[in-house]
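*Asks:* Need coordinates for the below:
(one chain, ligands or ions: 1)
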Amino acid sequence: MNDSHPFTVPLFRSAAGVEEALGRFLLPADPALDSIERASVAAGLPAIAVAKPLGRLLSVLCLALGAKRVLEIGTLGGSGAVWLARGLATGGRIVSLELDAGRADLARRSLADAGLGDSVEVVTGAALDWLDAAIARGEPPFDLVFIDADKEHSRDYVKRALTLSRPGTVIVVDNVVREGRVADVDCPDAGVQGIRRMLEWIGARPDLAATALQTIDAKGHDGFLLAVVRGGDGGTRID
Ligand SMILES: C[S@@+](CC[C@H](N)C(=O)[O-])C[C@H]1O[C@@H](n2cnc3c(N)ncnc32)[C@H](O)[C@@H]1O
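*Replies:* I've put the predicted structure just below:
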């Protein structure tokens, strides 16, 4: 092996280095995201926004779907909403649900500063309350649902997301690997057990085609779930 080759220098052996290198090729500069990151740090928010590669995947999925109606569960400072908005079809809208009033206010301000105030509605409150009310009032289906809140309620969120879906709706759930702890049946972490309950439930649903991918990036070892709601005719069977 030639150790002077640029791709064998130590930086490019690390997940963070590879993420940065790939990002330089593929992730467009986005001043709105940079500014949200700065505002989030200044407000003391934890660094738990969606990782950039998955954020970009959310943009790509929205573009692929021609998404006009998007739901995010868990807003934090608004980064996820910006990624989603970057793939939104003209006239599309995002509803983003956030329990913490301070975080919701910060996200609203940042999104307005980014010129996305009309595209993203940040709703303050417990996500389950909004979801149950939306189901009760017959809210039209969403094209994509991004679930990224407390992991204990993951199965409840997916169940409701499915009710608010149509055939072809895409559901993405972040943080389903948790440094591999998802594989530990006896893991005492309530969030991990919440993810396991969700996976078991999804795996038994004939109306969802799903997979989960592990990721290693600047934030460590984690992963996400990607599911699509099958059509009434069952679609092309993959299981
Ligand atoms: C991982 S962060 C969301 C990150 C965001 N999606 C992004 O990519 O920038 C999770 C957020 O979910 C919120 N949350 C936790 N429990 C919630 C609940 N029951 N209802 C709504 N939001 C909740 C937390 O306050 C936190 O801001």
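*Asks:* My read is that Arg108 contacts Asp118, right?
*Replies:* No. The criterion here is CB atoms under 8 Å, and Arg108 misses it with Asp118 at 11.8 Å. Bear in mind the C-beta positions are built from the backbone N, C-alpha and C, glycine included.
*Asks:* What are the boundaries of the helices in the chain?
*Replies:* Secondary structure of the chain (DSSP state H): helices located at 15-26, 31-42, 52-65, 79-85, 101-113, 127-136, 154-163, 190-203.
*Asks:* Could you identify which of these is most buried?
*Replies:* Among the helices of the chain, ranked by average contacts under mean count of other CB atoms under 10 Å, first place goes to helix 79-85 (a mean of 27).
*Asks:* Could you name the helices and strands sitting against that one?
*Replies:* Applying 3 or more CB pairs under 8 Å, 6 or more residues apart in numbering; DSSP states H and E, one finds that helix 79-85 makes contact with helix 31-42, helix 52-65, strand 69-73, strand 93-98, helix 101-113, strand 120-124, strand 144-147.
*Asks:* quick one, which of these is nearest to Asp189?
*Replies:* Ranking the helices and strands packed on helix 79-85 by proximity to Asp189 (CB to CB) places strand 144-147 first, at 17.7 Å.
*Asks:* Redo the helices of the chain as CSV? Include distance to Glu72.
*Replies:* Compiled in CSV, these are given as follows (distance: least, CB to CB, whole Å):
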stretch, distance to Glu72
helix 15-26, 22
helix 31-42, 14
helix 52-65, 9
helix 79-85, 6
helix 101-113, 10
helix 127-136, 10
helix 154-163, 11
helix 190-203, 17
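*Asks:* any idea which of the ones you listed scores lowest on pLDDT?
*Replies:* Across these, helix 15-26 has the smallest mean pLDDT, namely a mean of 92.
*Asks:* Near the ligand, which residues of this protein are found?
*Replies:* Within the chain, the positions near the ligand by CB under 6 Å from any ligand atom are 48-50, 72, 74-76, 79-80, 97-100, 103, 126-127, 148-150.
*Asks:* are any of the residues you listed buried, and which?
*Replies:* The neighbour-count test (16 or more other CB atoms under 10 Å) applied to the residues of the chain next to the ligand identifies 49-50, 72, 74-76, 79-80, 97-99, 103, 127, 148-150 as buried.
*Asks:* Closest one of those to Ala29?
*Replies:* Ser79 (14.7 Å).
*Asks:* Please verify my assumption that that closest one contacts Ala49.
*Replies:* Yes. Using CB under 8 Å, Ser79 is in contact with Ala49, at 3.9 Å.
*Asks:* okay, and the common contacts of these two?
*Replies:* Ile36, Glu37, Ser40, Gly55 (CB atoms under 8 Å, 6 or more residues apart in numbering).
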